[in-house]
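Novice: Based on what follows, work out the 3D shape:
(chains A and B)
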Amino acid sequence: MAAGTLVQGALFTVMVVRAGMLRDASFEHELAQQVERSPRFFLGAPVVLDLRGAGGFDSPDDFSEARTVLRDFTLALVGVQNAQPEQLEAAMASGLASFAPTAAQPARAPAAPPTAAASPPAQKARIVTQPVRSGTQIYAPGADLIVTAAVSPGAELIADGNIHVYNVLRGRALAGANGDADARIFCNRLEAELVSIAGRYLVSDQLPIDQRGHPVQIVLVEDQLTITRI
Amino acid sequence: MAAQVIVVTSGKGGVGKTTTSAAFAAGLALRGHKTVVIDFDVGLRNLDLVMGCERRVVFDFINVINGDANLNQALIKDKRNDNLYIFPTSQTRDKDALKREGVERVLDELKKTFDYIVCDSPAGIEHGAVTALYFADRAIIVTNPEVSSVRDSDRIIGILSSRSRRAERNEPPVDIHLLLTRYDAERVTKGEMLAVEDVKEILSIPLLGVIPESESVLRASNTGTPVVFDPESSAGRAYTDAVARFLGEQREMRFVKPERKGFFRVLFGRA
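Specialist: Next up is the predicted model:
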């Protein structure tokens, strides 16, 4: 089994609609115009509802209403982001997925206040402080994964970004899972079963003996996994 | 003191869960705590044999879960110790008969009268094992000093810390202890077995005790006498120590280093 088939990451373009806009009369007008201009682009297009700062939306009814409004414009509501816990619960109850917060999208509707010109916030790394036991799989979508405890044999770490293990790495580590060849793996003690970057992989048997048990970083150089001491 | 539910589990089979459940329950009872040991291995009933009460089983755990019998009808009082009760399971049913709500009701009922409820888990990580650990307050992970057992223990620790009731309710986590069984210090010296330190490092949970490989364990099982009732045996003494540590006492780890065999020991080959 090739490591590349273990995880099939895929990136999609999804429109983000701010919840506040839905209640804005001018938004419907604006949206109607846009859909009219490029109906094919909008036909059945997936939409994520951004609930940042939005009140309400704490019952599944609110979400079915939003879904109906968007469906009128041929848009399909698939999920929410930046939801408060009770909002998330209601969203889940109406079959919506939770999306990780993303960098602020440029506001489309003129009614929306202009967003701050600051650079988008950095994607937060996922931090794990408990031992990662055999049979556990941890995935950090679109982010780095940092583990401060031991990673047992039979455990699997997957990140679209880099993987840092500030302890012994005995399980599997797959960095750059969606194809990022610049991703790296760092660990305090290399005893991994498998390491992979952007689909290129080495199994335990292929790890150089003199690097085993040592603090290393693993980098993809000219399509070859290269292990160096740190 | 609020009653505590203790699960004895391992993932892997044949490592000594039932022996440990029997020895631990008996050890707690000998220390004056009212203790019941429940067989969760539905369909592969063995605890009654190890406890030596197989001829007294009338009703079982599943009968009580289904409401066909009450607790007093099913609980078997141990003949050696007044604080010790055995709750056998059904040999004719299978693990699917373990309904979580029913188990909870029975455990709640037992908590009213007992200090410790020891749950002897089946092997594996499926429904039976998960049901046995779900309500646990404390866990004893029985591990042999070999790689496959250590890996399975690691897996079951992961399940304890993610799928137990305490984990699901975000309560303080299950208090997990490592018990290393069938330990042969001589074979460790020869490099044929994992050492205590290796296992501790991989599993990173506190060590409750090391039980040496001993003939007395097999003898105890076959005669239906929990090994702690045999103060002569090394395994019995090791279990007694482990029970004391479980209750918060400090005791030095014994049986970790190879024993120097005396002249008579060599002559008679006694373990």
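
Novice: Which stretches in the stretch 1-150 of chain B count as strands?
Specialist: Counting by DSSP state E, counting those that start in this stretch, the stretch 1-150 of chain B has strands at residues B:4-9, B:35-39, B:76-77, B:84-87, B:116-120, B:138-143.

Novice: now those strands in CSV, with mean pLDDT?
Specialist: Output for the strands of the stretch 1-150 of chain B, formatted as CSV (pLDDT from 0 to 100):
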stretch, mean pLDDT
strand B:4-9, 98
strand B:35-39, 98
strand B:76-77, 96
strand B:84-87, 98
strand B:116-120, 98
strand B:138-143, 98
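
Novice: Mind checking the ones you listed for the one nearest to chain A?
Specialist: strand B:138-143 (11.3 Å; Cβ to the nearest Cβ). Bear in mind the C-beta positions are built from the backbone N, C-alpha and C, glycine included.

Novice: can you tell me which of the strands of the stretch 1-150 of chain B comes nearest to residue A:49?
Specialist: For residue A:49, the closest of the strands of the stretch 1-150 of chain B is strand B:138-143, at 42.3 Å, according to Cβ to Cβ.

Novice: Can I get the strands of the stretch 1-150 of chain B in JSON lines including mean neighbour count and distance to residue B:161?
Specialist: Formatted as JSON lines, the strands of the stretch 1-150 of chain B follow (neighbours: other Cβ atoms under 10 Å in any protein chain shown; distance: least, Cβ to Cβ, whole Å):
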{"stretch": "strand B:4-9", "mean neighbour count": "26", "distance to residue B:161": "13"}
{"stretch": "strand B:35-39", "mean neighbour count": "28", "distance to residue B:161": "22"}
{"stretch": "strand B:76-77", "mean neighbour count": "16", "distance to residue B:161": "33"}
{"stretch": "strand B:84-87", "mean neighbour count": "25", "distance to residue B:161": "26"}
{"stretch": "strand B:116-120", "mean neighbour count": "27", "distance to residue B:161": "17"}
{"stretch": "strand B:138-143", "mean neighbour count": "26", "distance to residue B:161": "10"}
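
Novice: Would you format these as JSON lines with distance to chain A included?
Specialist: Putting the strands of the stretch 1-150 of chain B into JSON lines (distance: least, Cβ to the nearest Cβ, whole Å) gives the following:
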{"stretch": "strand B:4-9", "distance to chain A": "14"}
{"stretch": "strand B:35-39", "distance to chain A": "26"}
{"stretch": "strand B:76-77", "distance to chain A": "36"}
{"stretch": "strand B:84-87", "distance to chain A": "30"}
{"stretch": "strand B:116-120", "distance to chain A": "21"}
{"stretch": "strand B:138-143", "distance to chain A": "11"}
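
Novice: May I have whichever helix or strand residue A:201 is part of exported as CSV, CA atoms only?
Specialist: Per DSSP states H and E: residue A:201 is located in strand A:200-203. Taking C-alpha atoms only, strand A:200-203 is exported to CSV below (Å, rounded to 0.1, in the frame of the first residue of the first chain):
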residue,chain,number,x,y,z
ARG,A,200,6.9,10.1,-0.4
TYR,A,201,7.5,7.7,2.4
LEU,A,202,10.0,5.6,4.3
VAL,A,203,9.1,2.6,6.4
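
Novice: Could you please name the strands that strand pairs with and the direction of each pair?
Specialist: Paired neighbours of strand A:200-203 in the sheet (DSSP bridges): strand A:194-197 (antiparallel).

Novice: can you map out the helices along chain B?
Specialist: B:17-30, B:47-50, B:61-65, B:71-74, B:100-111, B:127-134, B:147-163, B:165-168, B:185-189, B:196-203, B:215-223, B:234-246, B:263-268 (DSSP state H).

Novice: Chain A is nearest to which of the ones you listed?
Specialist: helix B:147-163 (3.0 Å).

Novice: hang on, the earlier thing: wait, which of the strands of the stretch 1-150 of chain B is closest to residue A:136?
Specialist: Taking Cβ to Cβ, strand B:138-143 is the member of the strands of the stretch 1-150 of chain B nearest to residue A:136, at 16.0 Å.

Novice: so which residue of chain A comes closest to chain B?
Specialist: Taking Cβ to the nearest Cβ, chain A has residue A:133 as its residue nearest chain B, at 3.0 Å.

Novice: want to try JSON lines for the strands of the stretch 1-150 of chain B, with distance to residue A:210 as columns?
Specialist: What follows is the strands of the stretch 1-150 of chain B, written out as JSON lines (distance: least, Cβ to Cβ, whole Å):
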{"stretch": "strand B:4-9", "distance to residue A:210": "39"}
{"stretch": "strand B:35-39", "distance to residue A:210": "51"}
{"stretch": "strand B:76-77", "distance to residue A:210": "60"}
{"stretch": "strand B:84-87", "distance to residue A:210": "56"}
{"stretch": "strand B:116-120", "distance to residue A:210": "47"}
{"stretch": "strand B:138-143", "distance to residue A:210": "31"}
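
Novice: Helix or strand, whichever it is, which one in the chain has the lowest mean pLDDT?
Specialist: Reading this off chain A. One helix or strand of chain A scores below all others by mean pLDDT, DSSP states H and E: helix A:39-42, with a mean of 71.

Novice: how distant is that helix from the center of its chain?
Specialist: How far helix A:39-42 lies from its chain's middle: 26 Å, per Cα atoms, centre = their mean, to the nearest Å.

Novice: burial of the residue of chain A closest to chain B, as a residue count?
Specialist: Residue A:133 is flanked by 27 other residues according to other Cβ atoms under 10 Å in any protein chain shown.

Novice: Contact partners for the closest residue to it other than its chain neighbours?
Specialist: Spatial nearest neighbour of residue A:133, excluding adjacent residues (Cβ to Cβ, 6 or more residues apart in numbering or on different chains): residue B:158 at 3.0 Å. If a contact means Cβ atoms under 8 Å, 6 or more residues apart in numbering or on different chains, then residue B:158 has A:133, A:134, A:135, A:136 as its contacts.
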